[in-house]
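*Asks:* Sharing a model prediction with you, sequence too.
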Amino acid sequence: MQVTFNKWFTLVLAGLSAVVGAGFGFLGHLLYNRDFIGTEVVKIHNSLGIILGMVLGFGTGWGYSLIMLTFKQFTKRGWQLVIAGCLIGVFAGLICSTVFHFILMRLYNTTSTFPMEIGAWFGGGAGLLLGVVFSSVLAKKVEIPE
């Protein structure tokens with residue numbers, strides 16, 4: 001069985017997104033305590049944030065890679081692919097972060113949006129960073145004519 005560039009691209013991107021998601025998931029879960037959300041909370045094990053962030057990060061990275069691999073077929077210039085990759089990356093990071101915090105808000109039974117607001121900055125930033133790196137790799141690899 002031959003492993004193509006598209007499969008490697010998808011697996012590496014999804015794996016790296018899972019690692020980033022696990023790290024930010026741990027940090028994001030720490031925001032759900034009485035000092036930040038203002039109410040007494042039921043203590044849920046910190047590994048929940050890591051696992052939830054990892055699963056959502058993997059899924060987001062997988063979806064992002066499929067969108068980018070499809071988008072590269074419709075663009076004629078590498079810079080267009082990089083710009084699109086950055087914008088889609090920010091959007092993907094925001095969606096991932098929002099879903100993460102929505103799930104934790106339901107589990108902790110809180111209406112405080114403070115953790116979600118903080119998480120949006122981290123999710124969007126992580127999406128931008130991964131979007132720049134991987135869309136640049138994709139633009140170079142497929143050698144789109146300028």
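*Replies:* Looks like it came in fine. Residues are numbered from 1 along each chain as shown.
*Asks:* Please make it C-alpha for all contacts and neighbour counts, starting now.
*Replies:* Will do.
*Asks:* Just the element for the most centrally placed residue in the chain, please.
*Replies:* The chain has Gly93 as the residue nearest its centroid, 4.0 Å off, counting by CA atoms, centre = their mean. Applying DSSP states H and E as the criterion places Gly93 in helix 78-108.
*Asks:* next helix or strand past that helix?
*Replies:* Heading C-terminal from helix 78-108, the first helix or strand you meet, by DSSP H and E, is helix 114-142.
*Asks:* between that following helix and helix 78-108, how many degrees?
*Replies:* When axes from the mean of the first three to the mean of the last three CA atoms, to 10 degrees is applied, the directions of helix 114-142 and helix 78-108 differ by 150 degrees.
*Asks:* Could you list every helix and strand in contact with helix 114-142?
*Replies:* With contacts taken as 3 or more CA pairs under 8 Å, 6 or more residues apart in numbering; DSSP states H and E, helix 114-142 sits against helix 5-30, helix 34-37, helix 78-108.
*Asks:* hang on, the earlier thing: list the buried residues in the helix holding Gly93.
*Replies:* 78, 80-82, 84-102, 104-105, 108 (16 or more other CA atoms under 10 Å).
*Asks:* How far off centre is it?
*Replies:* How far helix 78-108 lies from its chain's middle: 5 Å, per CA atoms, centre = their mean, to the nearest Å.
*Asks:* do the same with stretch 112-130
*Replies:* Stretch 112-130 has its C-alpha centroid displaced from the chain centroid by 9 Å (CA atoms, centre = their mean).
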